[in-house]
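Asker: I would like to see how this sequence folds:
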Amino acid sequence: MLVEETQKFQVDSEKEATKIIDDFKAKQHTENYILSKAGYTRKPIKAKGEVIGEIFTITITKKFD
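Answerer: Numbering: from 1, shown residues only. A predicted model of the protein is given here:
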């Protein structure tokens, strides 16, 4: 029986990262899980020492009864 699941996603913007987290929060009651951890980290993309962009990694942890 599955007790806990961690998922990671990569997106291009902070707005998209917060939207995905909000979607998981909204669906937790209908899909029967508890969102035990949700967050994102920002990582700059560099080329030749210069920042040319950024990537956001979202981590979602769900717990099941």
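Asker: quick one: the strands in the protein?
Answerer: For the chain, applying DSSP state E gives strands covering 4-11, 34-47, 50-63.
Asker: Those strands: which one's closest to residue 19?
Answerer: strand 4-11 (8.8 Å; C-beta to C-beta). Heads up, the C-betas are built off the backbone N, CA and C, glycines and all.
Asker: okay, the strands of the chain, which one's buried deepest?
Answerer: Highest mean neighbour count of the strands of the chain: strand 50-63, a mean of 14 (counted as mean count of other C-beta atoms under 10 Å).
Asker: just checking, what packs against that one?
Answerer: strand 4-11, helix 14-27, strand 34-47 (3 or more C-beta pairs under 8 Å, 6 or more residues apart in numbering; DSSP states H and E).
Asker: Would you quantify the distance from residue 37 to residue 2?
Answerer: Remark: distance between residue 37 and residue 2 (C-beta to C-beta, to the nearest Å) = 16 Å.
Asker: Can you name the residues that contact the residue nearest the centre of the chain?
Answerer: In the chain, the centroid-proximal residue (C-alpha atoms, centre = their mean) is residue 58; its distance is 2.3 Å. Residue 58 makes contacts with 8, 9, 10, 11, 17, 20, 21, 38, 39, 40, as judged by C-beta atoms under 8 Å, 6 or more residues apart in numbering.
Asker: Pick the one among these closest to residue 48.
Answerer: For these, the closest approach to residue 48 (C-beta to C-beta) belongs to residue 10, at 22.6 Å.
Asker: Please report how far that closest one lies from residue 64.
Answerer: Note on residue 10: its distance to residue 64, by C-beta to C-beta, is 24 Å.
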